[in-house]
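Undergrad: with the sequence up front, the predicted model follows.
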Amino acid sequence: MEFKKILITGGAGFIGSHLVRLFINKYPNYHIVNLDKLTYAGNLSNLHDIENKTNYEFIKGDIVDASFINQLFLEQKFDGVIHLAAESHVDRSISNPLEFVMTNVIGTVNLLNAAKANKKEDGFRFYHVSTDEVYGSLGETNMFTESTAYDPHSPYSASKASSDHFVRAYHDTYGMDIVISNCSNNYGSFHFPEKLIPLSIYNIKNNKPIPIYGKGENIRDWLWVEDHARAIDLIFHNAKKGNTYNIGGHNEWTNIDLIHLLCKIMDKKLNRAAGDSAKLITYVKDRAGHDLRYAIDSSKLQNDLGWIPTLQFEEGLEKTVDWYLNNEVWLNNVTSGDYEKYYKEQYSKR
Ligand code: NAD
Ligand code: TYD
């Protein structure tokens with residue numbers, strides 16, 4: 001189908017800003033509307049380089065506000081939505097689950113309702129961006145496939161699982177054209193420093209302890225954020241209605257091995273003696289309900305649409321470190337004020 005006007009929600013966040021940039025530059029004939037509440041995680045400076053492009057429009061707004069969302073859909077006549085707006089951090093979901101229900105569940109249903117009420121006869125697609133965390137936790141073997149049963153453990157993953165179910169329900173019940181993708185952990189530029197990699201870069205740079213939950217043996221599958229954005233682009237344009245795709249990097253790391261690699265890169269970049277940064281590693285109390293291992297089988301996406309991750313992890317991590325060291329102003333801005341309060345609340349009692 002032909003797209004003219006696309007709504008991207010959460011476009012000022014980490015993944016959303018990469019996706020908005022990709023669409024603005026690749027599809028000059030599309031009109032891209034970025035709807036974002038600008039929570040602590042949303043930042044317009046993530047989009048500084050494209051903010052004056054003629055095919056780009058930013059609207060500040062809350063997906064939890066149903067009447068605002070309905071009015072927006074009525075006025076704008078979108079023919080596609082790529083929905084990324086969410087509360088995204090597991091530790092915050094443990095402290096405040098309701099916020100996650102509001103944004104991730106109610107916000108998603110508000111968007112689905114608005115899309116249904118303003119159904120465009122010449123086609124409309126609702127793309128829901130989700131996480132591999134809905135599948136729960138793996139043991140030492142196996143991988144998540146698209147048919148793995150949902151088994152979420154954290155309030156974050158429970159809220160994302162719920163929103164995935166609602167999106168599928170709108171396909172099954174009302175015939176809505178939906179697609180869903182479930183992706184593994186992303187890394188790259190503009191990542192808010194509450195997540196493991198940017199938090200550790202920030203702490204190493206400032207000679208602060210690197211907090212490792214439990215024994216550091218939990219495993220995540222890391223994917224370069226721009227490879228995720230490319231996958232979303234491919235799926236949005238080519239997937240058959242009602243389909244789900246898993247997206248992952250085939251790149252599993254225990255947290256402690258990842259941090260040792262990061263410390264090695266940081267030593268080099270900061271001209272420190274080998275082993276200096278690793279001295280900051282500090283084992284702290286484990287996260288409640290901490291999932292042991294995530295690993296994604298993305299062969300369906302590879303076979304159907306020819307997607308493969310492009311960037312090797314060591315190279316991607318080094319590029320990420322370079323970006324953070326070269327973007328001090330961004331890092332200082334996002335770590336001032338509320339961030340210090342958050343950090344104290346999360347880490348002072350660990
Ligand atoms: P993020 O926290 O960096 O950004 C979320 C964005 O949503 C922010 O710009 C924020 O301002 C906006 N937002 C939050 N609440 C809102 C509301 N009520 N109304 C409008 N906007 C609101 O998140 P991210 O890491 O970029 O993740 C984006 C999406 O991708 C999420 O749906 C997340 O579940 C999913 N995902 C993330 C990862 C990952 O590794 N980060 C992996 C797989 C899937
Ligand atoms: P995170 O980046 O929060 O992503 P997610 O929980 O969505 O996978 O965490 C990645 C892994 O790193 C996870 O196993 C928890 C662990 N972790 C730490 O050990 N210390 C930290 O300070 C943080 C934020 C995470």
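TA: All right, it came through fine. On a predicted model such as this, the values are computed, not experimentally measured, just so you know. Numbers count the residues shown, from 1 in each chain. Ligands and ions are numbered 1, 2, ... in the order given.
Undergrad: and the one helix or strand residue 339 maps to, what does it pack onto?
TA: Assigned by DSSP states H and E, residue 339 belongs to helix 338-347. Under the contact criterion of 3 or more CB pairs under 8 Å, 6 or more residues apart in numbering; DSSP states H and E, helix 338-347 touches helix 90-95. Bear in mind the C-beta positions are built from the backbone N, C-alpha and C, glycine included.
Undergrad: quick one: the helix or strand following the helix it packs on near ligand 1?
TA: Going down the chain from helix 90-95, the next helix or strand is helix 97-100, by DSSP H and E. No. Helix 97-100 is not in contact with ligand 1 by CB under 6 Å from any ligand atom; minimum separation 8.6 Å.
Undergrad: then stretch 42-58?
TA: Yes. Contact of stretch 42-58 with ligand 1 (CB under 6 Å from any ligand atom) involves residue 42.
Undergrad: ends of that stretch, what's the gap?
TA: Length of stretch 42-58, first residue to last, CA to CA, to the nearest Å: 12 Å.
Undergrad: now the longest helix anywhere in the chain: mean pLDDT?
TA: Assignment by DSSP state H gives helix 155-174 as the longest helix of the chain. Mean per-residue pLDDT for helix 155-174: 98.
Undergrad: name the next helix or strand following that helix along the chain.
TA: That would be, after helix 155-174 and using DSSP H and E, strand 178-183.
Undergrad: quick check: angle from that following strand to helix 155-174?
TA: Counting by axes from the mean of the first three to the mean of the last three CA atoms, to 10 degrees, strand 178-183 points 160 degrees away from the direction of helix 155-174.
Undergrad: and the next helix or strand along the chain from strand 178-183, does that touch ligand 2?
TA: Remark: after strand 178-183, the chain's next helix or strand is strand 185-187, criterion DSSP H and E. Yes. Contact of strand 185-187 with ligand 2 (CB under 6 Å from any ligand atom) involves residue 185.
Undergrad: what strands line up against strand 185-187, and which way round?
TA: Applying DSSP bridges, strand 185-187 is found paired with strand 219-224 (parallel).
Undergrad: list the buried residues of the strand it pairs with.
TA: 219, 220, 221, 222, 223, 224 (16 or more other CB atoms under 10 Å).
Undergrad: quick one: average pLDDT of that strand?
TA: Mean pLDDT, strand 219-224: 98.
Undergrad: CA atoms only: put that strand into PDB for me.
TA: The C-alpha coordinates for strand 219-224 follow below in PDB (Å, rounded to 0.1, in the frame of the first residue of the first chain):
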ATOM      1  CA  ILE A 219      22.500 -12.800  29.300                       C
ATOM      2  CA  ARG A 220      21.100 -10.300  26.800                       C
ATOM      3  CA  ASP A 221      21.100 -10.300  23.000                       C
ATOM      4  CA  TRP A 222      22.300  -6.800  21.800                       C
ATOM      5  CA  LEU A 223      21.400  -5.200  18.600                       C
ATOM      6  CA  TRP A 224      22.600  -1.900  17.000                       C
END
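Undergrad: please tell me how far that strand is from the chain's geometric centre.
TA: Using CA atoms, centre = their mean, to the nearest Å, the mean C-alpha position of strand 219-224 is found 12 Å from that of the whole chain.
Undergrad: quick check: what element follows that strand along the chain?
TA: Following strand 219-224 in sequence, per DSSP H and E, is helix 225-238.
Undergrad: returning to that earlier point: need the contact partners of the helix holding residue 339.
TA: The contact list for helix 338-347, computed with CB atoms under 8 Å, 6 or more residues apart in numbering, reads 40, 91, 92, 95, 193, 194, 211, 284.
Undergrad: hmm, 10 Å instead?
TA: 40, 89, 91-92, 94-95, 192-194, 199, 202-203, 208-209, 211, 282, 284-285, 287, 333, 335 (CB atoms under 10 Å, 6 or more residues apart in numbering).
Undergrad: now the longest helix of the chain, how far from the centre of its chain.
TA: Worked out by CA atoms, centre = their mean, helix 155-174 lies 17 Å from the chain centre.
Undergrad: what does the stretch 101-250 of the chain put close to ligand 1?
TA: 103, 107, 129, 130, 131, 160, 183, 185, 186, 192.
Undergrad: up against ligand 1, what does the stretch 251-350 of the chain have?
TA: Counting by CB under 6 Å from any ligand atom, no residue of the stretch 251-350 of the chain is near ligand 1.
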